[in-house]
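Participant: any chance you can model this:
(2 chains)
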Number of protein chains: 2
Amino acid sequence: MSLSMYQASIPVLIRGINNLSAILAKAAAHADEKQIAHEVFLNARLAPDMFALTRQVQSVSDIAKGCGARLAGVEVPSFADTETTFAELQERLAKTVTFLESLSPAQIDGSEEKAVVLTFPSREFRFTGQTYLLGFVLPNFYFHLTTAYDILRHNGVPLGKPDYLGAS
Amino acid sequence: MSLSMYQASIPVLIRGINNLSAILAKAAAHADEKQIAHEVFLNARLAPDMFALTRQVQSVSDIAKGCGARLAGVEVPSFADTETTFAELQERLAKTVTFLESLSPAQIDGSEEKAVVLTFPSREFRFTGQTYLLGFVLPNFYFHLTTAYDILRHNGVPLGKPDYLGAS
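Facilitator: Residues are numbered from 1 along each chain as shown, chains lettered A, B, ... in the order given. Modelled structure (predicted):
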């Protein structure tokens, strides 16, 4: 079967989110075991002008739901970015997976040439579905997923590459 | 044009490597400006049991050349992992790009179902070309690229997301 836009996006994003969910569960358990306030991890960042863990997790969700919605041509679900606990971040990730699972291959496949325009305060990005997925979604998705992992590793949470990659 | 194994791999990897090359050039320039020994950055790591910057860069190269070679069915080029300077890392990245550029779409396309077996001391991974690219190569490639960026950001190198994403 040849590579499809659906296969290259939705199952990949769901898997990454599920891996992040398991990583966050280990972080919360480690904090409890070491009697570290959860906020210490949730507010941790690698540089003063980088996002803290909570915002990294929200970004993973944003990129994933934006990708699914834009490739399928449906409205991007809006989540309020009000999470302040591990439980709320888990709920955010679960809602994101539920949305991605609602999208069928028929909605995503054939979106290679679909016009995708992202407007940010400082910059407008104009993509095709394919350049959006390969040049924006996947690099950004893995950027925030990896940085969440790196923040937790830097703070001593016992994690390894298999936690990031998930089951093969 | 429908998504192809070539489009989803070789140009994506080349672009990421070129972005990493530019990031490393900025890091070397910043070190010189601040009179920081290059080794401080080259040996920096986010946790005692994570790879230092040099090994992160070598890993980006390894994953990229391994991907190109295995999907094309040619021998994986062997590089000695002896780099100790920014100049040597740049040379390693340039050699990797040269190798990737030597591979044609005709060599890579249609590799979705090709058997790919990776053997590590602790684990064997059995993939198809498609699961190798989507579930191993891309997550690992972006993991090491992002962690290289994160190490440098954590050490105060003035970088931003556009350095990571590159030109659109």
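Participant: hang on, residue A:118 is in a strand, isn't it?
Facilitator: Yes. Counting by DSSP: H, G, I helix; E, B strand; the rest coil, residue A:118 is located in a strand.
Participant: where does the spatially closest residue to it that is not a sequence neighbour sit: helix, strand or coil?
Facilitator: Distances taken as CB to CB, 6 or more residues apart in numbering or on different chains place residue A:125 nearest to residue A:118, at 4.3 Å, with adjacent residues excluded. For the C-beta atoms, the positions are set from N, CA and C on the backbone; glycine is no exception. Put simply, residue A:125 is strand when judged by three-state DSSP.
Participant: quick check: pLDDT value at the closest residue to residue A:113 other than its chain neighbours.
Facilitator: Nearest residue to residue A:113, sequence neighbours excluded (CB to CB, 6+ apart): residue A:128, at 5.2 Å. Reported pLDDT at residue A:128 in the predicted model: 97.
Participant: kindly report the same for residue A:112.
Facilitator: pLDDT recorded at residue A:112 is 97.
Participant: ok, residue A:122 next?
Facilitator: 83.
Participant: now name the helix or strand holding the residue in chain A that chain B sits nearest to.
Facilitator: Of all residues in chain A, the one sitting closest to chain B is residue A:142 (3.4 Å; CB to the nearest CB). Element membership of residue A:142 [criterion: DSSP states H and E] is helix A:138-154.
Participant: what is that helix packed up against?
Facilitator: In this structure, helix A:138-154 makes packing contacts with helix A:10-33, helix A:53-72, helix A:161-165, helix B:138-154, helix B:161-165, judged by 3 or more CB pairs under 8 Å, 6 or more residues apart in numbering or on different chains; DSSP states H and E.
Participant: by contact count, what packs against the second one?
Facilitator: Right, helix A:53-72. helix A:10-33, helix A:38-42, helix A:86-101, helix A:105-108, helix A:129-132, helix A:138-154.
Participant: and for the closest residue to residue A:163 other than its chain neighbours, the neighbour number?
Facilitator: With sequence-adjacent residues excluded and distances taken as CB to CB, 6+ apart, residue A:163 is closest to residue A:23, at 5.3 Å. When neighbours are defined as other CB atoms under 10 Å in any protein chain shown, residue A:23 has 21 of them.
Participant: so who does residue A:23 touch?
Facilitator: Residues near residue A:23 by CB atoms under 8 Å, 6 or more residues apart in numbering or on different chains: A:148-149, A:152, A:159, A:163-164.
Participant: give the contact list for residue A:30.
Facilitator: Taking CB under 8 Å, 6+ apart as the test, what residue A:30 contacts is A:36, A:156-158.
Participant: just the pLDDT for it.
Facilitator: With respect to pLDDT, residue A:30 has a value of 98.
Participant: how far out from the middle of the chain is stretch A:17-32?
Facilitator: Stretch A:17-32 sits 14 Å away from the centroid of its parent chain (CA atoms, centre = their mean, to the nearest Å).
Participant: that stretch: which residues count as buried?
Facilitator: Using 16 or more other CB atoms under 10 Å in any protein chain shown as the test for burial, stretch A:17-32 gives A:17, A:19-21, A:23-24, A:27-28, A:30-31.
Participant: no further queries at this time; thank you.
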